[in-house]
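Visitor: Any chance you could fold what I've pasted below:
(chains A and B)
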Amino acid sequence: MISFKELKKNLKKESSALPALKVALLGDVTTQFLAVSVMGMGFERNYNITLFEAEFNQIERQVLDPTSDLHDFGATYTIVFQSTHKLLEKYSMMHPDAQVLLANDRLDFIRTICGSVKGRIIYYNYPEIEDTVFGSYANKVEASFTFQLRKLNFELMELAQEIPNLFICDISGLQNKFGRDVMFNSSIYISTEMVLSLDILPYVASRTLDVICAVEGKFKKCLILDLDNTVWGGVVGDDGWENVQVGHGLGIGTAFTEFQQWVRKLKNRGIIIAVCSKNDEDKARSPFEKNPEMVLKMDDIAVFIANWETKVDNIRHIQSILNIGFDSIVFLDDNPFERNIVRENVRDITVPELPEDPAEYLEYLYSLNLFETASHSTTDADRTLQYQVESKRASIMKSFTDEADFLKSLNMVSEVKKFDSFNTSRVAQLSQRSNQFNLRTIRYTEAELGSIVEDDYYATFAFTLEDKFGDNGLICVIILKTLDSDTLFIDTWFMSCRVLKRGMENFTLETIVNYAKENGFKRIIGEYLPTAKNKMTENHYTKLGFILIDGAESEQFELSVDDCQIGEHFINKH
Amino acid sequence: MEFNEILERVQDVFRDVLENEDIVLTSQTTANDVEDWDSLNHIQLVVAIEKDFKIRFTSHEIQSWKNVGKMVDCIVKKKA
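Guide: Purely as a prediction, here's the structure:
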């Protein structure tokens, strides 16, 4: 981990070219060093953070007074750090009868914060202080500090499920990982009222930025694995599928079993798992297919590449099948040489420096928190299947010489729906994930989508796409806004890259135009807001027949509803 | 360890933390004499010195030094 000193140095570096982010920091202890760390870490993650740091211990005033500096500042993210120390102090001064209400009392206040602060709230949970007043018996005593503290941390998770804009930053988890003696330095605390040590601050800042990046749509989507000595012990080409070390019998097999269990959990959460190994393909597959100790099976792997090409080429190939950015890919390999080559040749890919001893893989990977996310839905788990289907579809396509014949043969059906209670969480999730085919890259939370649906000036469409190979699920989202009685504005158009070149753009436009006709609109305006990632949509509107509007402040395009020609497609409406 | 040897090492830590190679410390140097030696940087300096010498200062010590000489005295005692 980068040191506090390096983070502080980042503040002097030129950051005005980076995307700006407004962050507020409220704490009930000294937060200057935390502020420096968050800004410095922001630079590491390519953000130019403007930070509003409330004066010491002013959380209540800043939150409750609508004219406060905090509300004036208008932060996108508000970090709230209420320390366990101050909570313990409050508890200790309470009347014993009231102590049993400590957690509820604090939760009420956090609810108030969530109700008053606009934007997203990042709330630090509570690293435990065991005051040993009751010893272990505290677990049996509801009014004990230990009981109230754990209840509070638990209830915070419940609250975060209820309030979409509340994100918990798990600094209690950091203390579990590193220990209280690393987290907290008593003598520094007494001199400064600072409860986070200089050593832990970079980790706290990193976990904070993990949350911010995830909400901003920067997170990992794919894990690429080497095989020999990464997924199992030994070399399958030499040892044979029976003798690779995995499972409880052989050598350090347990380490690899547990590593595979971790990978499997990631896969079930929606992370795409791919394999990239220097091996003969049949040999590389054999443990997955034949060794009963293997936790990972071929079904868990979305793309399986084993050959004697360079890893750099193979990783590029995997990336092209998945159609995701290199910055969303993690590559794990036990060989430092391969790691370096990949790191040097594949820009933006994450290549963790795995420890030499496989027994240490997991604890090391835990410390990196690579897979932070800002959303979760049960359909995430289907993603592997979808990519497997995609590679099948790609190979069938080669057998058709005419693209139209191929598309016809797919028997594509799309279901078009308004946002409803079922699809809204998925829409919100796609809104955060979608970077490349996204015309304006406006990110919406579930709560924001809820109010859009209620608003008569907006019309919403969620598209699914199914073909003979399977269901792609929700793959396209449109939000239309009424500008005036003649004019519709395409506030949002994003699509999953999995369905490119399938005629979905034309089908979507047809849906928009039909809606416009039915409701008497004469023109449709689309806008392209460039980001680092959406260059593929630069000519989207002109390709569809929109005309660039001269003199507009941004790149806006216009389509006349009555005269427009919609391109061919072979998608049937469900 | 000798007083002067420690003073020199402390000076290196100061130069490193405050990123200023021109810092020269003597026994009489106080926070007022060194640019950027404020109360927050003081904490960074204390933690860096603790790490460098593998010692821990008490909270009383951290607050009590009147000048660099007193700080070095404190380290001499701990390393004795």
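Visitor: After the lowest-mean-pLDDT helix or strand in chain B, which helix or strand is next?
Guide: For chain B, counting by mean pLDDT, DSSP states H and E, helix B:59-64 ranks last in confidence among helices and strands (a mean of 86). Using DSSP states H and E, the helix or strand that follows helix B:59-64 towards the C-terminus is helix B:68-79.
Visitor: For that following helix, name the packing helices and strands.
Guide: Here helix B:68-79 touches helix B:3-18, helix B:39-53, going by 3 or more Cβ pairs under 8 Å, 6 or more residues apart in numbering or on different chains; DSSP states H and E. (Glycine included, C-beta is placed from N, CA and C.)
Visitor: again, only this time at 10 Å
Guide: On a contact count with 3 or more Cβ pairs under 10 Å, 6 or more residues apart in numbering or on different chains; DSSP states H and E, helix B:68-79 meets helix B:3-18, helix B:39-53, helix B:59-64.
Visitor: And those helices: which comes nearest chain A?
Guide: Minimum separation from chain A across those (Cβ to the nearest Cβ) falls at helix B:59-64, 3.9 Å.
Visitor: How about residue A:24, nearest residue that isn't a chain neighbour?
Guide: Excluding the flanking residues, the one nearest residue A:24 by Cβ to Cβ, 6 or more residues apart in numbering or on different chains is residue A:75, at 3.7 Å.
Visitor: Can you tell me which residues in chain B are near chain A?
Guide: Counting by Cβ under 10 Å from any Cβ of the partner chain, the residues of chain B close to chain A are B:16-17, B:19, B:39-44, B:46-48, B:50-51, B:56-63.
Visitor: Sort out which of those are buried, if you could.
Guide: The neighbour count (16 or more other Cβ atoms under 10 Å in any protein chain shown) marks B:17, B:40-44, B:46-48, B:50, B:57, B:61-62 as buried among the residues of chain B next to chain A.
Visitor: Going by distance to residue A:526, which of those wins?
Guide: residue B:40 (50.6 Å; Cβ to Cβ).
Visitor: so what pLDDT did that closest one get?
Guide: Model confidence at residue B:40, given as pLDDT, is 81.
Visitor: quick one, what contacts it?
Guide: A:8, A:30, A:32, A:33, A:36, A:192, A:194 (Cβ atoms under 10 Å, 6 or more residues apart in numbering or on different chains).
Visitor: The first one: neighbouring residues, count only.
Guide: So the one you mean is residue A:8. Other residues within reach of residue A:8, judged by other Cβ atoms under 10 Å in any protein chain shown, total 20.
Visitor: Return the residues in contact with it.
Guide: A:33, A:36, A:37, A:39, A:40, A:201, B:17, B:19, B:40, B:41, B:44.
Visitor: returning to what we had before: give me the distance from the least confident helix or strand of chain B to the chain's centre.
Guide: The chain centre lies 12 Å from the centre of helix B:59-64; the measure is Cα atoms, centre = their mean, to the nearest Å.
Visitor: Might you enumerate the residues of the stretch 251-400 of chain A proximal to chain B?
Guide: Counting by Cβ under 10 Å from any Cβ, no residue of the stretch 251-400 of chain A is near chain B.
Visitor: and the next element down the chain from the host helix or strand of residue A:343?
Guide: Assigned by DSSP H and E, residue A:343 falls within helix A:336-345. As assigned by DSSP H and E, the chain's next helix or strand after helix A:336-345 is helix A:361-368.
Visitor: could you say what helices and strands that next one packs with?
Guide: helix A:171-178, helix A:201-215, helix A:253-269, strand A:329-332.
Visitor: Show me what counts as buried in the last one.
Guide: When neighbours are counted by 16+ other Cβ under 10 Å, the buried residues of strand A:329-332 are found to be A:329, A:330, A:331, A:332.
Visitor: Give me the contacts around that strand.
Guide: Among residues not part of strand A:329-332, those counted as contacts by Cβ under 10 Å, 6+ apart are A:220-226, A:230-231, A:259, A:263, A:266, A:271-272, A:274, A:276, A:311, A:315, A:318-319, A:322, A:338-339, A:342-343, A:346, A:348-352, A:354, A:361, A:365, A:368, A:370-371.
Visitor: Let me know the average pLDDT across that strand.
Guide: Rounded mean pLDDT across strand A:329-332 is 98.
Visitor: Any stretches of chain A with poor pLDDT?
Guide: For chain A, applying pLDDT under 70 flags the ranges A:250, A:378-382, A:391, A:394-395, A:398-399.
Visitor: how about the residues of it near chain B?
Guide: A:4-5, A:8-9, A:12, A:30, A:32-33, A:36, A:185-192, A:194, A:197-199.
Visitor: Can you tell me which of those residues are buried?
Guide: So, of the residues of chain A next to chain B, A:4, A:8, A:30, A:32-33, A:36, A:185, A:187-189, A:191-192, A:194, A:197-199 end up buried under the neighbour-count rule (16+ other Cβ under 10 Å).
Visitor: Check which helices and strands the least confident helix or strand of chain B is in contact with.
Guide: For helix B:59-64, the packing partners by 3+ Cβ pairs under 10 Å, 6+ apart are helix A:186-192, helix B:39-53, helix B:68-79.
Visitor: And these: which comes nearest residue A:90?
Guide: Nearest to residue A:90, of all those, is helix A:186-192, at 16.8 Å by Cβ to Cβ.
Visitor: Run through who's touching that closest one.
Guide: A:29-30, A:32-33, A:83, A:85, A:185, A:194-198, B:39-40, B:42-43, B:46-47, B:50, B:56-63.
Visitor: ok, now which ones touch residue A:135?
Guide: So residue A:135 contacts A:144, A:146 (Cβ under 10 Å, 6+ apart).
Visitor: any idea which element the closest residue to residue A:433 other than its chain neighbours lies in?
Guide: Nearest non-adjacent residue to residue A:433, counting by Cβ to Cβ, 6+ apart: residue A:217, 6.4 Å away. Per DSSP H and E: residue A:217 is located in neither a helix nor a strand.
Visitor: ok, residue A:217 touching residue A:431?
Guide: Yes. Residue A:217 lies in contact with residue A:431 (Cβ atoms under 10 Å); the separation is 8.5 Å.
Visitor: How many residues are close by the closest residue to chain B within the stretch 451-574 of chain A?
Guide: When scored by Cβ to the nearest Cβ, the stretch 451-574 of chain A has residue A:532 as its residue closest to chain B, at 31.9 Å. Around residue A:532 there are 11 other residues, counting by other Cβ under 10 Å.
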